[in-house]
Every structure is written in C-alpha cells, then in structure tokens.
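Chemist: could you look at this predicted model? Sequence included:
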Amino acid sequence: MTGTIRPPVAEQTAVGAKAPGRLQLIRWSDFSLVPVILVLMVIGFIVSPVFLTSSNLISVVQQSSELSLLVLGQALILICGRMDLSLESTIGIAPVVAMWLVLPTEGGRFAGLGLLPVWMAIPACLLVGLAIGAINGFLMLKLRVNGFIATLGMLTMLRGLHIGITEGKSITDVPESFRYLGKTDWLGVPAAVWICLALFAIGGAALAWLRHGRSLYAIGGNPEAARAAGIRVDRVTWIVLAIGGLLAAFAGILYTGHYGSVAATQGNGWIFQVFAAAVIGGISLKGGRGTLFGALTGVLTLQLVVNVMTLGGVPALWNQFLNGAIIIVALVISRFASGEKQD
Amino acid sequence: MTGTIRPPVAEQTAVGAKAPGRLQLIRWSDFSLVPVILVLMVIGFIVSPVFLTSSNLISVVQQSSELSLLVLGQALILICGRMDLSLESTIGIAPVVAMWLVLPTEGGRFAGLGLLPVWMAIPACLLVGLAIGAINGFLMLKLRVNGFIATLGMLTMLRGLHIGITEGKSITDVPESFRYLGKTDWLGVPAAVWICLALFAIGGAALAWLRHGRSLYAIGGNPEAARAAGIRVDRVTWIVLAIGGLLAAFAGILYTGHYGSVAATQGNGWIFQVFAAAVIGGISLKGGRGTLFGALTGVLTLQLVVNVMTLGGVPALWNQFLNGAIIIVALVISRFASGEKQD
Amino acid sequence: MDSKRQEAPAAVHAEGIVKRFGPTLALDGVKLTVRPGESHALVGRNGAGKSTLVSVITGLHRPDAGRVTFGGEPAPAFGDTTAWQSKVACVYQKSMVVPDLTVAENLFLNHYGLDRAAGGSGGRFISWRGLRARARALLAEYGVDVDPNARAKDLPVEQRQFVEIARALSFGARLIILDEPTAQLDARGIQRLFDKLRELRSQGVAFLFISHHLQEVYDLCTAVTVYRDARHVLTAPVADLSKADLVSAMTGESAGTAVAWHAARKTAPDAGTAPVLEAEGLALDGEFEPLDLAVRPGEVLGLAGSAASGNTALGETLVGMRAPTAGRIAVRGRVVKPGSVPHALDAGIGYIPEERHRQGLVLDRSVAENATLTVTDQLGPWGTVLPSRTREFAQGMIDSLDIKTQGPEQPVSGLSGGNQQKVVVARALARGPSALVALRPTAGVDVKSKDSLLGVVRRVADEGSAAVIISDELDDLRVCDRVLALFHGRVVASFGSGWTDRELVAAMEGVGERE
Amino acid sequence: AVVLAVAALAGCNRDQGSDAAGGGKVGIDLPRSDSDFWNSYQQYIEKGVDGGEVEALPLTNSQNDIGKLVSNVQVFTDQGAKAVVMAPQDTGAIAETLQTLSDKKIPVISVDTRPDKGDVYMVVRADNRAYGEKACQYLGEQLKGKGKVVEFQGDLASINGRDRSEAFKSCMDQKFPGIQVFELATEWKGDVASAKLQSTLAAHPDINGIYMQAGGVFLQPTLALLEQKKLLKAPGTSGHITIISNDGIPEELDAIREGKIDATVSQPADLYANYALYWAKQALAGVTPKEGPTDHDSTIIKIPNGFEDQLPAPLVTKENVDDPKLWANQLEKKS
Ligand SMILES: Nc1ncnc2c1ncn2[C@@H]1O[C@H](COP(=O)(O)OP(=O)(O)OP(=O)(O)O)[C@@H](O)[C@H]1O
Ligand SMILES: Nc1ncnc2c1ncn2[C@@H]1O[C@H](COP(=O)(O)OP(=O)(O)OP(=O)(O)O)[C@@H](O)[C@H]1O
Ligand SMILES: [Mg+2]
Ligand SMILES: [Mg+2]
C-alpha cells in the first residue's frame, strides 16, 4: 500500500509518456465572442458593400491597434487581480514628456527643454510609461491604498500634467521616429497592426507557457496561496503594473505616429472602452480569469460595432445610445455563451 | 419540556449589565477625513479671508448637494457589495424623460409628448430613476452579468438616450415644481442642503438601527452568511439599487432647479468624483464597510478643495493636476488615519 | 418509552433527495431521519454529499427531487429562510460569519432581538446596548472570552467557530445541525462544546452531527447514518456498530488492518547524524519565545499545541511566510533567508498550509496547475511550463495520492474538501522536499484519506527527509517520532513516540507546565 | 428592436451605396452631438442636403474624438467620397489625415477650425479670436475701462476655447488695463462654472461683468445663480452686471430681450452649414477660390495651406436682437 503512495517528483516524470488529451489552455468561453463578430460581419456586409473591402477592414484593425494595446496592458493587470485606470492618461502624457525633454527650447510651436537628443524620444517615452506604472505599483503595494481610486487620482493628475505642459495644445512637431511606426506598411498592412498582433501573441504565449506568466493567474486567483507556493507576489504584480504603463506609452507612440501629433485629449475617455473590451472578452474584474485572445475579440467587437454603425449611417444623435445598448448585449451574450456567472 | 429549551441566556441578560463602552457603531476611521477638512479650512482661511464667510461656506455645501446625493446612493450600493456607474446618467435622463412626458408637444423649444399633467413631473422623474435602478438590478441579479460593465453600458446608453431625446440641447422650459427646490432658502440655507442632510441622517439611522439597514453590511460582507441568516439577499440588493436610482433622479431634480435647466451634459463625468468621495470617505469598494458620515466628509473634502483652489486663484492650467494630486493625498491620509489596508 | 418515541414524528425526515451540480451527482436519492431528542451522526468520505444534504435540509439549496419534513410537517417554501430557521439551526462547514461586523452583531445577525416572539424587545430599532449585553452573556456560557465589540475577522479561528456555534444554539430550535464543528477546535473547546450539546440533548433537542473524527461519533451520538458516493448506505444505532464496521461502510472496503503509517518503532534516529532542519533561537514577538529545533533525517517531529500556543506561527515562520524577529533557520546546514518563501522552497522546505482556502489553493484554476504551482521551474526549459509535462506530472500526483477528480483539468473548486486537501499536499510534495512542514494536514479529511496523507508524510521521512507536523490532533501526532508540546509560545514538554493521550493533552493545556 | 433598427438602416443605406458611383458624393462629419450649436448646424446641413445642394453620404459624428474623426474619414474615402466636410476640434492631430486626403485629391472643407498643417480647400469659420476680441471690446466699453470681469473659459484642451481666451486676454491687457479679469476654467461645464462664479462672487461681490465663452452651457446656470443671489438687475440700474455671451442660440436672444444679459456674439450656424455645402459644391466643380470680399459679407483670405472664408460674426445686443438675419431667429419653434 505504501509503495504507491509516494507521489512523483517533478524531475522523475520529465521523460513523459502518452498524453491523455490536451491540457485545456483554451476554453470555449474564450471563443464566446466569435459568433458575435461573425454576426457583426454579416450585418456589416448587408449594411454596406464597402464593409468587406480590405481597405475598410484594415482601417478597422488599425484603429483598434492603440486601444488594443491598452486592453493588453489592462488585461494583464486584471488577471493578476488589480486595476489601472491611469493607462488612459499614460497614452497621452508619455509622448508629451518625451517630446518636452527632446524638442528644442525654441523654434517650434511647442517649446521643449532640449535636454535629450532626438533619438532618445522613443526610449524616453517608454521609460515614462514604465515609471508611471511603477508609481502606481508603489501606491498600491507599498502604501496599500485602494488601486481603483489611486489610479483614478493618477489619471486626473497626469491628464492635468499633460494640459499643463502643453498648455492644452496639440504637439505637431513630432520627431520622425514617432511617425515611422504610425505610417509604415508591412506587407500591405500597417506596421502598428503587426506589432500589436505580435505583442498579443507574445503575451498570450507567456501567459500559457512561461512560469512567470502563469503565475499571474495564481496571483489573481488567490494571492495568499500564490505566496505560500513561493511566488513573489508583490514583485510580479509590480512588474505587471510597470509593463501596463509601458504598453500604454507604446500605444501613445503608435497613436502619435498614426495621427501625426500628440492630441491634447489623447486617450480621453478610453478607459471605459478598455474595461468593456476586456470584460466582454471574458476577463474577470476579480482577477485570475481570462485570456488575451478573449480580450482581443472584445476590442474587435467594439470596434466593428462602431464601424458598422458609421457605414450604416446611424443618426449621430442615436450613436451613443446604440453603443451602450451594444455593450450590454455583448456582455449578456458573452455571459451566456461562457455559461459563467460574472459577479 | 420545550419551555426550557431556549437557551437561558437571552432572558437572563436582556436586563443587561454595565456597558463598558458604546458599541462601536462609529469607528475612528469614519473621522479620518475630519483633520483633512480642518487643514483645508485653515488653508482656505489663509488663502482668502472670504473663505470663512457664511455665504461662501453655504455655497460650498449647496454645490455639494447634488453630488452628495449620488454619493449617498452609491455608498448604499457599495456597502451591499455592488456598484452602479449609471447614476451619472440617471441624474440627467430622469428629468429629461419626466419633461418629455410632461411638456406640451408644441409651443416650447423642446417638444414633449404632453402625456401627463405638469404636476406629475416630479413623480415621473423619481419613477424613472427607480426604474433604471430596477433594470440594473435585473441585469446584475437575474442575468448575473458583471455589474461594473452592465452599468457602464447603461451609463452610455442613457446618456445617448438623453442626447437623442433632447437633440443635444438644454431644456430650459422647466416646470415650476422643479425650480422650487433649487431656488428656495429655508432659514437662510438652501432647501437642497436641508434635504440632503435629512436624507443622509435618515440613511445613516437606517443603516445603524434598522434590521433591513444593517442587513446591507451583512450582504456586502458575506452574502452566503447573510442568506443563511435569513436575509433575502437578492431582494434587498435589488431594492438598494432601485433606491440608488431614485436618489440619483432626485439629485437630478435638485440639479435642474439649481441651474435652471436640464443641461445636455448633466452629470457628465461625475461618477469618478462619486467613487473618489465614497472611497476617501472610508467606504470599501469590496462591500460591507463604511458609513454615510464618512461618505459625506468625502464629498465635502473634494468640494472644499475646488473652492480653495478657486479662491486661491490657482492657474487654470494646473487645476486638474492639483485635483488629481489631492485625490491621491486624501486617499493616502484616509488610509493611514484609518489604519486599514484598502486592497 | 422507546416505542413511544418511535411514533413521534421525526424531527427531520428527508427521503429521495436528489441534487445535481452540473455533471456532478451530489446526492442520489438519499434519506435521513433524525428522531426528536436523538443525536444522530452523519458520516462518509469527503464528497459523499453530507454538506450538500445539510444545505438541502436547511433551505439553502433546492433539491432536484425528494421531500423534507420537520416534525411531520412539510418544509417551508424554498427561499423563506426565516421560516426554515425556526425549524432548524445550523453550523455550516463553511464560515458563515460576516468578517467586518462585530461579534455581537454576528451572533444576532438579522434578528437583533427584535422579534417579540423570540423574547426580544419587539421594537423597530436595534438596541445595541442590549444586544451587547446579551452577546456577552451568551459567550460567557461557552466560556469564550471574547469582546462582543471585536470584529469577527480579528478573532482566531477557534473563537470564530464558537461564535457560529453559539449563534446556532441560541435560536432555540428543536433541531440543530453541526457540520464538522470540531475541525477548528482544540481539545478543551471540543469538551466545552460537547458539554453544552449534552445539556441541550437532555432538554430534548435533536442533533445531526457531522465529523470525520469517528471517536466523537461514539462519544456523543446514539445513531449513525453513513453515506457513500452520494448514496445512503446504512443507518444504525451507534452501539451496534464497531468502528471497523463503520469505516468499512464508509469506504466500501473491508477495514484494513493496522494503520500503515504509525510511527515505526524503529530505533530513534541517530543523534549523531546532521539535522536536516535546524532552528536556533527562533522567535517571533507576541507569538512564541526563542526556541531551538533540530529534525534529523528520517524523523517526524510533532509540534503539539492548542490554538493560542503559537505553533501555527512557528510553522509559518519555518516556511518563510512570516519573518522571525530573531534566530535563524538552516536546512542541511545552509542558512535560509528569513521571511522568504522562495528561499525556503529552494532550500528544500515543503509547506502544507493550515487553511486550504486561504493559502493552499487557487480555486478557479485546475488541479494540474495547483499541484504544480511550486515546481513551475522544473516543467520545461528556459522558464517555460510545458502543458504535456504539467499534465503528466499532475496525473502522477492524482494516481499516487488517490485524488478523486474528473482529471487534471478540472478546476479545484469542483473537488470535495478532502480531495482539495490532497491537492495541497501534492503541491507541497512536488519539489521532493528535504523538510516537510505540515500545518494541521488532515483538517476536515475523512478517515481513509487521513490514513493515506499521514502515510505520505511518514514515507517522506522514511526516505531520508525530515518532517514537522504542527497540529493539535492526536491522530496527526501519532506518526511523530518525537513531539514537543507548546503552550503560550513556549515548549513545555517533550515526548518520545510512547506518549499517552492524557499526557500530551495535559501538556497542550498547560497543566503542570513549568515544572 | 436594435436589430430591427440596424436592419432598417441597412436596407435604406444599401440603395444609397449602390448608386454611389453616379456623382460626386460629399462626406460630412459632425464634431459632436451634445451642444445646441452643433445640433443647429446639423439641422442646416440636413436642410441643405435635402434641398439638393450636394449629394451626401450618411452623416457621421466624431464625438469630439480625433480618432473617430480619422476613422470616419477613412469610411468616407472607402465609400468613394469626392469631397469631405469636417470640423476638426483638434487642429494639430488632423494633419496626417489631411495629407492622406490631399494625396487622394479629395478636397477638404474645414468648418469652424483652421488646421495647423495639411492642405484644405477652404476653411469656413468666423474667427474665434474675433469672438474674444469683440467680447472684450464690448465689455471694456460698457464698463468704461475699469472694474472686475469674470471669464468662463471652455476646456483648455479645446482650440476654440483657447483662441477665445487668448484673444480676450490680450485685448484686455492692451486696451483695458484697468479691468481685472478672473479666468475660470470650466471644462465646458455649467455646474463647474456656477460653483466657481459663486466662490468668486463671495470673494469679490463687486463683479461688474461676465464673459461666457459658450451660451449653450453657461447661460442657464449663471442666470439661476444670479437670480438666487438677487444680482440680476436691469441694465442701467446700479449693480448691474454686464454679461456677454457667445454662440447666439435662441435662448441667448430671449435673455437679451428680457434684459437678463446684455449681448452675445452670434456664431453663425446657418452660414457655417450653408457655406460648407456651398464650398463643397464649388470644390466638386473644380472651382479655384479667389481672395477678396464675397457676396455674403465675408472675406476670403489666403492661408498657408489653403483659403479661408471668414464669415461675419455679428455682435447681438438689444438693438439688433430681432434682426431676422440672425440664424437663431430663423429657427421656428418646435411644432
Ligand atoms: N456548489 C456545488 N457545485 C458543484 N458541485 C458541488 C457543489 N456542492 C457540492 N458539489 C459536489 O457534490 C459532492 C458532494 O459534496 P458534499 O460537500 O456534500 O460532500 P461532503 O460529504 O460534505 O464531503 P466532506 O466530507 O468533504 O465535507 C461533491 O463531489 C461535490 O463535487
Ligand atoms: N463551485 C463548485 N463547483 C463544483 N463543485 C463544488 C463547488 N463548490 C463545492 N463543490 C463541491 O462541494 C463539495 C463540498 O465541498 P466543501 O468545500 O464543502 O468540502 P467538503 O466536501 O465538505 O470536504 P471536507 O469534509 O473535506 O471539508 C465538494 O465535494 C465539492 O466537489
Ligand atoms: Mg462537507
Ligand atoms: Mg467537508
């Protein structure tokens, strides 16, 4: 009896044997929005023949690219059981600070400090994003204040900083390095789209197959248990928050390149879209559940809705109403398709 | 035989004994913002001698009155462990629908349906609020979708409905009944302020001394335990959500009276303020914790900050930045003053 | 008189109860009858359906089929929990306190002594002063020294459990259900509870008592019902049933012979060999005072102590969950960085935490993922975690620990409590620890599983590792080669493997300490 | 119901789509739907389109979001628009899009704002700076160069608001140094404006004048507050606060008639719409605009990236409030 009781130790089993069925990395619930997307496509096609042209579809995905990066960052943060509202401001303030540091003190419309050489613009921007994420981490993990309100404060503060620095104007003298990514096509599809897809793929792979990626689920699901299992909960959370800021800053670079300037309202009001996309895509606000693929379908759904409504010429007055209605409908569909209560 | 089955305790002790200290209905943490308010008052006094005049202070509380009603509703909802973002739109849509039903089909700038007599304006408005809360309850409790996103959808949808009905214009032909409360003074203080204080007092008393009020804490703290204790969790939650909508509609009446018209953007962007006030005031976003008194101090703190900044002539460009910074500072202070981690 | 009682309607009678949770059939047409004044035990292995039945007969779950009567009358409508409460009071297996509320309020939750019928004030408003006084008196009756103003979440587990028990018993119901009430209590607490129950029984109150400690069944109960795999197996007077018969009814196998894991009476480990796990001057302010420990290869050390003895804190310090205020810990001579679980893990310390739901499991994730949480660095090259290796590894664990599950992919939340506990053990063993620290490893685990879990601990030691069991359950401590008894943060006694129950309990209770 | 609506829309739109090849269709984007002014603009646009001025694709609305605007323009080009009418609220960020459109040889009519960069066929606007200056001039004259004036600024991130603020400020500084200006940032919110005005009034009860950058949002809250404070006194009486508004919506004209406010700068929604469509038609016809005065009381000037039709923005006071040429007086009441 005792002979069989001793459980295997990891190294011993490494040789492996017949695998009795794939480990379900992907659940059906992750695909719950796919039918919605298909229905939207059919409606789109009925509404306008333009819908299915590659140029329209490419423009839909390109317009999704910046939002999807925020959703990527937010999804990672949500999976490990936190929230970061300030991503919405980071997408604007990070490029602003970078340009402030880089642009010359005179000559342009926007007077910078000229402290750094121009090639530093992108690194500086990313660093600012990282720093913002790290500050959020400090507030949540060291001071232990409520993350929702702390990042809400950051959101307001950073937006204020943005307006303070730019005096409410958009910055149009954007360094060439920023423009490049927003304007270039690779294989006929905007570079930004490829980059987003790549980042989602990397993120998804890390969550599925890397030990640190997998640890996010444990941390979000039960931080105490994760700690007892030897996961450095605070450190990982902090890194994830910083990565969230980094991704938002990168989204800021793409946005700036895409529209050729840093808008004064860059990212304003996006955070609700971000949450809606993530949750409709199956990410739990309580942490520990969801996949990046789901989040991506969430973004696409919302973006397709907007596109179809535009093509369909929905009266502007009723646009927002439909938008809200569709969020609710998508939410209900995703809840019943996945069969899980969402509490 | 059965007579003695009752454990003897209850009768024996009903007489009670020496009470060594009040039952802590109010904890120190509820007062954590009081020092902040005092400091703000000192700063205000230094900044401008006008600050401490009764007319200025009355204006601060009057401006807080509509926001504080939303906070009251949200606080009740948060205490029982839910959230309602759509309060932000309810404050606008409820008066709009009421007027739509009441105002004549022609003659005014805004064409109503003229379905109801004018005296029905206020009851209709309140009913609309109640109905919105009930719909939120249906989504959360029957369909079991995520409350945050469902009410976010409602927020967007109701805002869209508002714009759709009013065609984006403000409604200025407001019935006299709406104006009355916004304009009247009782004992030198606006009626709205008295009403708010009364509602907070009633709410606070209900939470402290009524069975159904107390049950909110149990529901928010541990819904299973609440159910096992015989509390009708879903029913109570539903009622609380409806009350939240009702309070928001009432706030809409006060707002409309106060500003003399239903603005197209009435309440736009308030929900973050509402959450910030509630959390700074010690209400937990996880449910089951906090008092209405705390929530009220939260509202006052935020409103005093705005007042002091206006009086101090803070440059407009840096207004928002300071606003955000102050949310964070107040949050940190309230966290350390109460000594509780806020996770 | 006996026959007269037979004719009185049953305090509760349930029959043909069927309850499904998705694909799981939790109850398959079971029946149960508790007569007035009877103390009735319900036993069965983990996942047999006991707690589900409790939920059904207390009105928390609606059965898919079957019918429940109280005293011959049909049960109240589903959802009318208040009506159910007048029929039956219950201490659930799951904690049913509201953590942020005070003890007084938890005791009178939703009643507040307002109902005149129940001897209350009949007023509309809650009288906190009266409530507090009544709470204090109620607690005093159980000898629990708790401030009624304390918040429930600040109480130790044991006192919280007493709050729940006191609440259930104070309703004055004729039928009281206790689902594993003793799992969180120490010996003295159990004694107090039993005294109270016997007193109530003498007043004619009926009990349904669920426990995995069969001895308690024999101590307290007159009749027993056994469930196995969601079915009713037998109901019999306790006196007619030997312990071995009871166990074989529960497991469906003829009772095994001597327990396999009992401390092998081999020669005590050679004092000369270097200790595997060593602690010097280890102390944590407010929990335990400086103490030295040394556990040698092949040795299982028991740290016995009741709830307030500080033994839990000691265990958590050993594994790095808490940082000691003084002292050092070493494994095989290597000093472990204090207060760091990853370092402790690398040094070879394995950890079975006390409360599985708090520290042991990520409930939403799969069995495979939970079981491999500590070995994610060994399941693939370059920090990857290969699904195939994860699955294989988990399958191995499931087989060897006999975990009842649909497969490695099933979320842990769908397992029964005992099987969940086995997943926690699997997680601790996954790294092949040289020193295993187990806190109350068999809490809430059925007899058979308990055997196998303790057997695992024993085997780990026999293969040359060291093990520390921190518990107040005598059964757990029987595997140990050496037992140290803690009282108020100090080691008060030390035993070899030949201790008697009485000695050890006395030491844990602090009787005759500081000789 | 939503599905039905979508299907219905789908149905009617399909017809339009199929004959798109027939003529030069114009894509028209509206900047926002929550303001009186822009909704009036929309009505005039729809009237013009229905009247056959141009053929238009379904109207879109970019909700004050540059990203939405860009995607709407993309949709227009996908649908084969031959000209685009837009009102970019962010004059910097639209540059890329203008570049793209110019590459595709699609002329752009920019309404209300002058893009910083990128080619436009015609900018149709009344100068926001002129609004600020007119308001300053009027207040300065009424107050005889001294006193205290409150200015409700719009959103600092809005070009229109900023232009008005800057022009107002520089005019006040240069021409009326005796007037003290309190600038209140409001984010275009009436309640914020009311709260800040109340605080300012507490500190300076002797406020003499108010400049509201947008009547649509500030008018009613301000009047309500002044009424409550009993500060709403008839023009000419002592303690009268001179109020000048901006927009020229019907409610403002009513208020002028009732003597509640003194003046407003009328932002000509009708002219915006009419000349936006007019220039779109000219662009489709391939006409090159000429500099100089026009037949509609405006001047066309050359700007670095195109032309600008500077529409008149009349100052409305009690004297001319009933002028039928004012756009607000042409709106019939709802029936
Ligand atoms: N809420 C639920 N959802 C899904 N399955 C459930 C649920 N509750 C119980 N089950 C299933 O019902 C079965 C019986 O569970 P139950 O809790 O009644 O066992 P038990 O006899 O109390 O076991 P233990 O001795 O471990 O307490 C289990 O296998 C479990 O999988
Ligand atoms: N969400 C759920 N999904 C599926 N099954 C569940 C769920 N929750 C509980 N169960 C089932 O309910 C049963 C009871 O679980 P519980 O946590 O009460 O432990 P238990 O069975 O009483 O075990 P123990 O006696 O060891 O404590 C388990 O068998 C479990 O399978
Ligand atoms: Mg159980
Ligand atoms: Mg159990």
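Modeler: Here it is on my side, so go on. Numbers count the residues shown, from 1 in each chain, chains lettered A, B, ... in the order given. Ligands and ions are numbered 1, 2, ... in the order given.
Chemist: how many neighbours does the closest residue to ligand 4 within the stretch 351-500 of chain C have?
Modeler: Relative to ligand 4, the nearest point of the stretch 351-500 of chain C is residue C:417 (4.0 Å; CB to the ion). For the C-beta atoms, the positions are set from N, CA and C on the backbone; glycine is no exception. Other residues near residue C:417 come to 21 when the count uses other CB atoms under 10 Å in any protein chain shown.
Chemist: wait, what's in contact with it?
Modeler: C:46-47, C:93, C:356, C:444-445 (CB atoms under 8 Å, 6 or more residues apart in numbering or on different chains).
Chemist: how about a cut-off of 7 Å?
Modeler: C:46, C:444 (CB atoms under 7 Å, 6 or more residues apart in numbering or on different chains).
Chemist: check residue A:163 too.
Modeler: Neighbour list for residue A:163: A:264, B:317, B:320, D:156-157 [criterion: CB under 7 Å, 6+ apart].
Chemist: and of those residues, the nearest to ligand 2?
Modeler: residue B:320 (45.3 Å; CB to the nearest ligand atom).
Chemist: list the contacts of that closest one.
Modeler: Residue B:320 sits in contact with A:156, A:159-160, A:163, where contact means CB under 7 Å, 6+ apart.
Chemist: rewinding a little: of the contacts of residue A:163 - the most surrounded one?
Modeler: That'd be residue A:264 among these, by other CB under 10 Å, with 28 neighbours.
Chemist: that one in helix, strand or coil?
Modeler: Put simply, residue A:264 is coil when judged by DSSP: H, G, I helix; E, B strand; the rest coil.
Chemist: for it, give its distance to residue A:96.
Modeler: Distance, residue A:264 to residue A:96, using CB to CB, to the nearest Å: 9 Å.
Chemist: same thing with residue D:42?
Modeler: 33 Å.
Chemist: which one's more surrounded, those two?
Modeler: Shown here are residue D:42 and residue A:96; by other CB under 10 Å, residue A:96 has more neighbours (27 against 24).
Chemist: isn't the more buried one up against residue A:263?
Modeler: No: Residue A:96 is not in contact with residue A:263 according to CB atoms under 7 Å; the separation is 10.2 Å.
Chemist: hang on, the earlier thing: I'd like the contacts of residue A:163 as CSV, with secondary structure and pLDDT appended.
Modeler: As requested, the contacts of residue A:163 are exported to CSV (DSSP: H, G, I helix; E, B strand; the rest coil; pLDDT from 0 to 100):
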residue, secondary structure, pLDDT
A:264, coil, 78
B:317, helix, 78
B:320, helix, 85
D:156, coil, 70
D:157, coil, 68
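Chemist: coming back round to it: any shared contact partners between residue A:264 and residue A:96?
Modeler: Common neighbours of residue A:264 and residue A:96 (CB under 7 Å, 6+ apart) are residue A:166.
Chemist: pLDDT weak spots in the stretch 201-350 of chain C?
Modeler: Residues of the stretch 201-350 of chain C meeting the criterion pLDDT under 70: C:254-272, C:307.
Chemist: the helices in it, which residues?
Modeler: C:214-220, C:243-251, C:311-318, C:341-347 (DSSP state H, counting those that start in this stretch).
Chemist: got the confidence number for residue D:8?
Modeler: Predicted confidence (pLDDT) for residue D:8: 45.
Chemist: distance check, the residue in the stretch 301-450 of chain C that chain B sits nearest to against residue A:226.
Modeler: Proximity of the stretch 301-450 of chain C to chain B (CB to the nearest CB) peaks at residue C:357, 13.0 Å away. Here the criterion is CB to CB. By it, residue C:357 lies 14 Å from residue A:226.
Chemist: those two: who's more crowded?
Modeler: Set residue C:357 next to residue A:226 and count neighbours by other CB under 10 Å: residue A:226 wins out with 27 against 18.
Chemist: distance check, that one against ligand 1.
Modeler: Remark: distance between residue A:226 and ligand 1 (CB to the nearest ligand atom, to the nearest Å) = 24 Å.
Chemist: ok so, going back, using the three-state scheme, assign the residue of the stretch 301-450 of chain C closest to chain B.
Modeler: Strictly by three-state DSSP, residue C:357 counts as helix.
Chemist: ok, now residue C:485?
Modeler: strand.
Chemist: next, count neighbours for it.
Modeler: 29.
Chemist: next, the contact list for it, please.
Modeler: With contact set as CB under 7 Å, 6+ apart, residue C:485 has these partners: C:304-305, C:492-493, C:504, C:507-508.
Chemist: do residue A:36 as well
Modeler: A:301, A:330, A:333.
Chemist: highest neighbour count among those residues?
Modeler: residue A:330 (26 neighbours).
Chemist: tell me which stretches of the stretch 51-200 of chain D form strands.
Modeler: D:55-56, D:60-61, D:83-86, D:108-111, D:122-125, D:147-153, D:179-185 (DSSP state E, counting those that start in this stretch).
Chemist: these: lowest mean pLDDT?
Modeler: Lowest mean pLDDT within the strands of the stretch 51-200 of chain D: strand D:60-61, at a mean of 84.
Chemist: show me the contact partners of whichever strand or helix holds residue C:451.
Modeler: Using DSSP states H and E, residue C:451 sits within helix C:447-462. With contact meaning CB under 7 Å, 6+ apart, helix C:447-462 is reached by A:2, A:5-6, C:45-46, C:212, C:214, C:247, C:250-251, C:259-261, C:298-300, C:402, C:418, C:422, C:425, C:429, C:436, C:438, C:441-442, C:445, C:467, C:469, C:475-476, C:479.
Chemist: of the residues you listed, grab the buried ones for PyMOL.
Modeler: Of these, the buried ones go into a single PyMOL selection, burial set by 16 or more other CB atoms under 10 Å in any protein chain shown:
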select buried, (chain A and resi 5+6) or (chain C and resi 45+46+212+214+247+250+251+261+298+299+300+418+422+425+429+436+438+441+442+445+467+469+475+476+479)
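Chemist: which of the contacts of helix C:447-462 fall within strands?
Modeler: C:300, C:436, C:438, C:467, C:469 (DSSP state E).
Chemist: any stretches of chain A with poor pLDDT?
Modeler: Residues of chain A that meet the cut-off, pLDDT under 70, sit at A:1-29, A:339-343.
Chemist: quick one, strands of it?
Modeler: Using DSSP E, strands in chain A cover A:185-186, A:189-190.
Chemist: rewinding a little: so how far is residue C:355 from the residue of the stretch 351-500 of chain C closest to ligand 4?
Modeler: 11 Å.
Chemist: can you pull out the helices in the stretch 51-200 of chain D?
Modeler: D:66-78, D:95-103, D:128-142, D:159-175, D:190-203.
Chemist: export the first one to CSV, keeping only CA atoms.
Modeler: Once side chains and other backbone atoms are set aside, the C-alpha atoms of helix D:66-78 remain, and they are given as CSV (Å, rounded to 0.1, in the frame of the first residue of the first chain):
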residue,chain,number,x,y,z
ILE,D,66,-9.8,62.8,-33.3
GLY,D,67,-9.5,59.0,-33.6
LYS,D,68,-13.2,58.7,-34.5
LEU,D,69,-12.9,61.6,-37.0
VAL,D,70,-10.0,59.9,-38.7
SER,D,71,-11.8,56.6,-39.0
ASN,D,72,-15.0,58.3,-40.2
VAL,D,73,-12.9,60.0,-43.0
GLN,D,74,-11.5,56.6,-43.8
VAL,D,75,-15.0,55.3,-44.2
PHE,D,76,-15.9,58.2,-46.5
THR,D,77,-13.0,57.5,-48.8
ASP,D,78,-13.9,53.8,-48.8
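Chemist: neighbours around residue C:478, how many?
Modeler: Quick note: residue C:478 (other CB under 10 Å) scores 20 neighbours.
Chemist: with residue A:135 instead?
Modeler: 19.
Chemist: once you drop chain neighbours, what's closest to it?
Modeler: Nearest non-adjacent residue to residue A:135, counting by CB to CB, 6 or more residues apart in numbering or on different chains: residue A:154, 7.1 Å away.
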